[in-house]
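# predicted structure and sequence below. I'll ask about it afterward.
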Amino acid sequence: MADMPQKSDEPDVSVIIGVYEAMPYLVRCLESVEAQTIGAERMEIVAVDDGSTDGSGEYLKEFAARTAIPIRVVHQANSGGPSGPRNVGLGMARGRYVFFLDADDYFGEEALERMVAMGDRARTDVVLGKIVGVNRGAAKSMWKETVERADLFNSNIKFTLSAQKLFRRDLLVRLGMSFDEKLRTGEDALFTMEAYLRGNGISVVADYTCYYLVGREDRNQMTKKGDYTRRFDSARALMGLIADLVPAGPRRDALMVRPFVITLLPQFGPGLLKQKEAVRTRKMALAAPLVESYWTPGLARRVKVHERLRLMCIAENRLDLLLDVLRFMKDGKQPAKIHRGNPSRLHLAYPHFGERTPLPDSAYEVTVTEWVGGNRVEPTPPKPYVSFARRVVRKVRRTARSAFRAPRAHRV
């Protein structure tokens, strides 16, 4: 990627904030932007008030009147989701990079300075800064080390697809990227995955907490709203994007784990047992074409046994078997560990193990690291090829020695 000359009035980063009913969280959010060590002269704020009625719009006006940071505030009618405000902000941004900051959340003081430095040093188009949860959980597996160029397919960065990343604006403009306003959930996953796949590399800043993800006490967060059909829309869109951009094979399988396990499978957790028959049937019907189109044997071996079993029950249209597995999980039962096959493989004996119909024993095989009853369970390691080769060589040598000794035994 060639270096783009920086215009004299072009800030390093545009912080885009979509605001809807965000008080009092907005106060700390804006304070964290103002406290950035990168300095007011190197950034700008684009804030889009999406029809707030709680005083958020008025507070934005007050903040704009006193801050040293260049800021533009837009007030608009409520759009019904986060995509509209983000797209408006993106269209107004002038920075070399953009960062989508949620009005509920806040930065670590050195966040922008560290992420911009990383993007410039590594020449990457997306930079992930370490995220921690405040009054809520947050993914942790991708923050083990700082990496200038991360491997999307063989690391856990594919499991963080929220919009809270630093994106090189030139990439977004060149590709004409925007958030899909038709999707009411998962729109950020679609946007981020496209940037991952079409951009010039991904960096990870893991040695400093860049972003604090806040769980609101009033639980008034868009990610928690909406009926279940929206989750299927999100899964369908993300699976389609991955299939369009990555040829079939191990790399596609590696990425498909994300929408299958994180987006689709929660709809088939133990909570399904409490739902009406019509909802269960509808969910099975919505999931069936996704499994038919994108489920592969390679993908099956990348997930845990209870995940694989549920997805295979969907593929076989066996709601009855699925409910048996869910009852087992809800009751807190632990599957027995059984070795079976030749060569012997470790299996977890969830319901219907050993019956072979319609689910084969291979559906129960441990193929990734799991935890059962608080104990770590590892897949059976394959016997190394070199061991087999050595056995063959030893056998050949024994045969040769026997053939050589045989005539000597008959000498008189």
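Looks like it came in fine.
# quick one: pLDDT of the residue nearest the centre of the chain?
In the chain, the C-alpha nearest the mean C-alpha coordinate belongs to F159, at 2.1 Å (CA atoms, centre = their mean). pLDDT, F159: 96.
# now do the contacts for it.
Remark: with contacts taken as CB atoms under 8 Å, 6 or more residues apart in numbering, F159 is in contact with A139, S141, M142, R258, I262. (Glycine included, C-beta is placed from N, CA and C.)
# so T124 belongs to a helix, correct?
No - secondary structure assignment places T124 outside any helix; it is coil (DSSP: H, G, I helix; E, B strand; the rest coil).
# give me the neighbour count for it.
24 (other CB atoms under 10 Å).
# go ahead and confirm it touches G199.
Yes - between T124 and G199 a contact is recorded at 7.3 Å, counting by CB atoms under 8 Å.
# doesn't V366 make contact with T380?
Yes - under the criterion of CB under 8 Å, T380 lies in contact with V366, with a separation of 7.2 Å.
# quick one: which of the two has more around it?
In this comparison of T380 against V366, neighbours counted by other CB under 10 Å, the higher total goes to V366 at 19 against 15.
# state the distance from that one to P379.
As for V366, its distance to P379 is 5 Å (criterion: CB to CB, to the nearest Å).
# shared neighbours of those two, which are they?
By the contact definition CB under 8 Å, 6+ apart, V366 and P379 are jointly contacted by R345, L346.
# returning to what we had before: among the contacts of F159, who's most crowded?
Of all those, the most densely surrounded is R258 (21 neighbours; neighbours counted as other CB under 10 Å).
# can I get the CA coordinates of the helix or strand where it lies in PDB?
In this structure, R258 is located in helix 250-258 according to DSSP states H and E. Output in PDB follows, covering the C-alpha atoms of helix 250-258 (Å, rounded to 0.1, in the frame of the first residue of the first chain):
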ATOM      1  CA  PRO A 250     -10.300 -24.800   5.100                       C
ATOM      2  CA  ARG A 251     -10.000 -21.000   5.100                       C
ATOM      3  CA  ARG A 252     -13.700 -20.600   4.500                       C
ATOM      4  CA  ASP A 253     -14.500 -23.200   7.100                       C
ATOM      5  CA  ALA A 254     -12.400 -21.400   9.700                       C
ATOM      6  CA  LEU A 255     -14.300 -18.200   9.200                       C
ATOM      7  CA  MET A 256     -17.700 -19.900   9.100                       C
ATOM      8  CA  VAL A 257     -17.300 -21.000  12.700                       C
ATOM      9  CA  ARG A 258     -18.100 -17.400  13.700                       C
END
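# can you give me how far it is from the chain middle?
In terms of CA atoms, centre = their mean, to the nearest Å, the centre of helix 250-258 is set 11 Å apart from its chain centre.
# other SSEs contacting that helix?
For helix 250-258, the contact count by 3 or more CB pairs under 8 Å, 6 or more residues apart in numbering; DSSP states H and E identifies helix 187-198, helix 229-245, helix 297-300 as packing neighbours.
# can you give me the buried ones in it?
Judged by neighbour count (16 or more other CB atoms under 10 Å), helix 250-258 contains these buried residues: R252, D253, A254, L255, M256, V257, R258.
# can you name the next helix or strand after it?
Per DSSP H and E, the first helix or strand lying C-terminal to helix 250-258 is helix 277-294.
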